[in-house]
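*Asks:* predicted model and sequence below, questions to follow.
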Amino acid sequence: MTTLTLPRPVPLQSIRPPKENIPQTVGERLRLRDLVAAYVLEKKPTPPLPVAELRSHAEQFALQHGMGTAYLDYLGVLINNELWKDHLASVPYERRLLLMPKCLRVEEKCPAPFDEFGLLCKQCGLCTIQDLQSEAERLGYAVLVAEGSAIVMAIIETGKIDAIVGVSCLSVLEKAFPFMEAAAIPGVAIPLLQDDCVNTTVDLDWVWETIHLTSDDRTRRLDLDALRRDVNEWFTLPALSAAMGTPQGRTQELAHAWLAKAGKRWRPFLTVCAFRACSEATAHPALQKLALAVECFHKASLIHDDIEDGDATRYGERTLHEEVGMPLALNVGDYLLGEGYRLIAEAAPAQLVGRLITVAADGHRRLSLGQGSELEWVRNPEALSAMEVLSIFRGKTAPAFDVALTIGALLGDAGEEELEAIASYSEALGIAYQINDDLEDAESSSDGDLERRRPSLVMAVALERVKGPEREELAAWWRHGSPCPDAARIRAILASHHVDDHVRALLASFKERAVQSLRMIDNDSLKGLLRRLMGKIFIEQVTSWCHDEAGTATATPAAASLS
């Protein structure tokens, strides 16, 4: 950690800024940042920009995208951030300052005292300050938990800081801007998600991404949305025929059609991302076929899962076995498994073929065991603990992420330590992904795992928390007992006991575990890209708006149009 000696004590300020319009969802904020990046790339303004010029650009952007004037301050912050990102990335960590506001703490419980420079965190774990401070100091940052324009000026005057990452409300950022602009100090700012001064929140993914910015990360300017569109193009019928051969017969035709069907295609996308992060090259002759192989394995598992689970629809259409019958559907699934292994053997470099096939086979085996655990439960559906459900998730979801990332990383010549970190990251990511699905099922009125009575973390947590007759209702539902309440009644019980809040806490813990696993990675490109992928995969609603307006905030039409 860099030691700072300030030229004078700076009193803390407790400023209550006016209410601000800030996009409420992660998706809206990511989309807006992407649009601002494109705008700055086109206009090429040179920093530092005076306030008037920055506001002029914000007005131009708002007019161009049909946004109201309420977003101008926020847009000014985003444009200024984009101007300074490359400068920040070139500054060594030990010459940077992370400046956070004291209002991130849980005020009524925080044990930390203050001195003339700010809050002295006691590492109690009650708020996000501890995690951000620990990680920033590990990298080499100086960290202050204080606020106000005077302290920014005092820090600049020390001459020991060449860049600042600031977390604050828009009002404080506005007051600090003239000092940074005058000194031409690169500064990237992350606005708080509400305009209150007590128990505030911030987009942690955004802060984490920003403090890790480094010029050593070759992928930080990689357009992930464009890359994903490129990957999706590989799954059109003409592209599949070009890569895998023209279908000969009904089985191959159905296999290609199933590969081309709608889907999130996270797994082939992850394969490509891992390769790009680990390799100096941007392309490889084997990459497309290896990504196709990963999706072959996934789509085969979906065909078989739909048969095993008795599902009639997928992607809003009939499942394959409902469309063509179970025998032919089973055969198509088996064919896709064989095709995946063929693509690996045919396309992979000779020295990697054995390793890649071993990775795929091990993942296939673990997925089957995880699915087997779920099928065993379906035959004898007794109450499961949260730990037992998480164990099923670990087996049936995490291996697919591991296989996808590991295949791409191996093609990119990743080292063993990086592969170990990918395994830890994939396990936590896979579990978090499945928890997120559980939450969506519990909150959705459509047919999901809740109606189909499958192992659900939401239900497991509910059985651990709900007592009395309501618990018996839940247990009867899960046991397929009689009388069996309807799904609306189950959702009412879950809501009345705030079960989703506890499941969201578990989701957050596994997302954090995935992030923590990245500390094992020395490759800045791989670390940065995996961190960005977390934001892409988990697009979620921010529910913690300011405490005096809880439950009243809604996205404006302009913000909603960004998602």
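*Replies:* Sure thing, it's come through. Residues are numbered from 1 along each chain as shown.

*Asks:* low-confidence bits of the stretch 151-300 of the chain, can you list those?
*Replies:* For the stretch 151-300 of the chain, the stretches with pLDDT under 70 are 151, 172, 174-184, 194-199.

*Asks:* surely Leu30 touches Gly535?
*Replies:* Yes. The criterion here is C-beta atoms under 8 Å, and Leu30 meets it with Gly535 at 6.2 Å. All C-beta spots, glycine's among them, are computed from the backbone N, C-alpha and C.

*Asks:* could you list the buried residues of stretch 349-361?
*Replies:* By neighbour count with 16 or more other C-beta atoms under 10 Å, stretch 349-361 contains the buried residues Leu352, Leu356, Ile357, Val359, Ala360.

*Asks:* measure how buried Arg531 is and give me the count.
*Replies:* Arg531 has 19 neighbours, counted by other C-beta atoms under 10 Å.

*Asks:* what about it, helix or strand, and which?
*Replies:* helix 524-537 (DSSP states H and E).

*Asks:* kindly export that helix (C-alpha atoms) in CSV.
*Replies:* C-alpha atoms of helix 524-537 as CSV (Å, rounded to 0.1, in the frame of the first residue of the first chain):
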residue,chain,number,x,y,z
ASP,A,524,-4.3,-9.8,-16.4
SER,A,525,-6.1,-10.4,-19.6
LEU,A,526,-7.7,-13.6,-18.4
LYS,A,527,-8.5,-12.1,-15.0
GLY,A,528,-10.0,-9.0,-16.5
LEU,A,529,-12.1,-10.9,-19.0
LEU,A,530,-13.5,-13.4,-16.5
ARG,A,531,-14.4,-10.5,-14.3
ARG,A,532,-16.3,-8.7,-17.1
LEU,A,533,-18.1,-12.0,-18.0
MET,A,534,-19.7,-12.0,-14.5
GLY,A,535,-21.4,-8.7,-15.4
LYS,A,536,-22.6,-10.1,-18.8
ILE,A,537,-24.0,-13.3,-17.3
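
*Asks:* outside of that helix, which residues touch it?
*Replies:* Residues outside helix 524-537 that contact it (C-beta atoms under 8 Å, 6 or more residues apart in numbering) are 26, 30, 205-206, 208-209, 212-214, 216-220, 222, 224, 266, 270, 273-274, 276-278, 405, 409, 414, 418, 422, 425, 429, 433, 511, 514-515, 518, 521.

*Asks:* which ones among those map onto helices?
*Replies:* Among those, DSSP state H puts 26, 30, 205-206, 208-209, 224, 266, 270, 273-274, 276-278, 405, 409, 418, 422, 425, 429, 433, 511, 514-515 in helices.

*Asks:* just the buried residues of the residues you listed.
*Replies:* Buried, going by 16+ other C-beta under 10 Å: 26, 30, 205-206, 208-209, 224, 266, 270, 273-274, 276-278, 405, 409, 418, 422, 425, 429, 433, 511, 514-515, out of the ones in helices among the contacts of helix 524-537.

*Asks:* ends of stretch 393-404, how far apart?
*Replies:* One end of stretch 393-404 to the other measures 17 Å (C-alpha to C-alpha, to the nearest Å).

*Asks:* what does that stretch contact?
*Replies:* 266-268, 270-271, 274, 294, 297-298, 301, 359-360, 362-364, 366-367, 369-371, 373-374, 422-423, 426-431, 433-435, 457.

*Asks:* can you map out the helices along the stretch 301-450 of the chain?
*Replies:* Remark: helices assigned in the stretch 301-450 of the chain by DSSP state H, counting those that start in this stretch are 320-324, 326-347, 353-379, 386-396, 398-411, 416-443, 449-452.

*Asks:* out of those, nearest to Val143?
*Replies:* Nearest to Val143, of all those, is helix 416-443, at 24.9 Å by C-beta to C-beta.

*Asks:* list the buried residues in stretch 356-376.
*Replies:* For stretch 356-376, using 16+ other C-beta under 10 Å, the buried residues are Leu356, Ile357, Val359, Ala360, Gly363, His364, Arg366, Leu367, Gly370, Gln371, Ser373, Glu374.

*Asks:* likewise stretch 465-477?
*Replies:* Val466, Glu470, Arg471, Glu473, Leu474, Ala475, Trp477.

*Asks:* surely the last one and Ile490 touch.
*Replies:* Yes. Judged on C-beta under 8 Å, Trp477 makes contact with Ile490 at a distance of 5.7 Å.

*Asks:* for the stretch 1-150 of the chain, what spans make up the strands?
*Replies:* 96-100, 114-115, 118-119, 142-145 (DSSP state E, counting those that start in this stretch).

*Asks:* now for the first one, which elements pack on it?
*Replies:* Counting contacts by 3 or more C-beta pairs under 8 Å, 6 or more residues apart in numbering; DSSP states H and E, the secondary-structure elements packed against strand 96-100 are helix 129-139, strand 142-145, helix 149-158, strand 163-168.

*Asks:* and the ones you listed, which is most packed in?
*Replies:* strand 163-168 (a mean of 24; mean count of other C-beta atoms under 10 Å).

*Asks:* make TSV out of the helices and strands packed on strand 96-100 and add distance to Ala347.
*Replies:* Listed next are these as TSV, based on distance: least, C-beta to C-beta, whole Å:
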stretch	distance to Ala347
helix 129-139	38
strand 142-145	47
helix 149-158	53
strand 163-168	42
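
*Asks:* and the helices of the stretch 301-450 of the chain: which comes nearest Arg228?
*Replies:* Of all the helices of the stretch 301-450 of the chain, helix 398-411 comes closest under C-beta to C-beta, at 13.4 Å.

*Asks:* taking helix 416-443 as reference, get the angle to that closest one.
*Replies:* 150 degrees (axes from the mean of the first three to the mean of the last three C-alpha atoms, to 10 degrees).

*Asks:* hey, what's the angle from helix 398-411 to helix 524-537? Just curious.
*Replies:* Using the same axes, to 10 degrees: helix 398-411 against helix 524-537 is 150 degrees.
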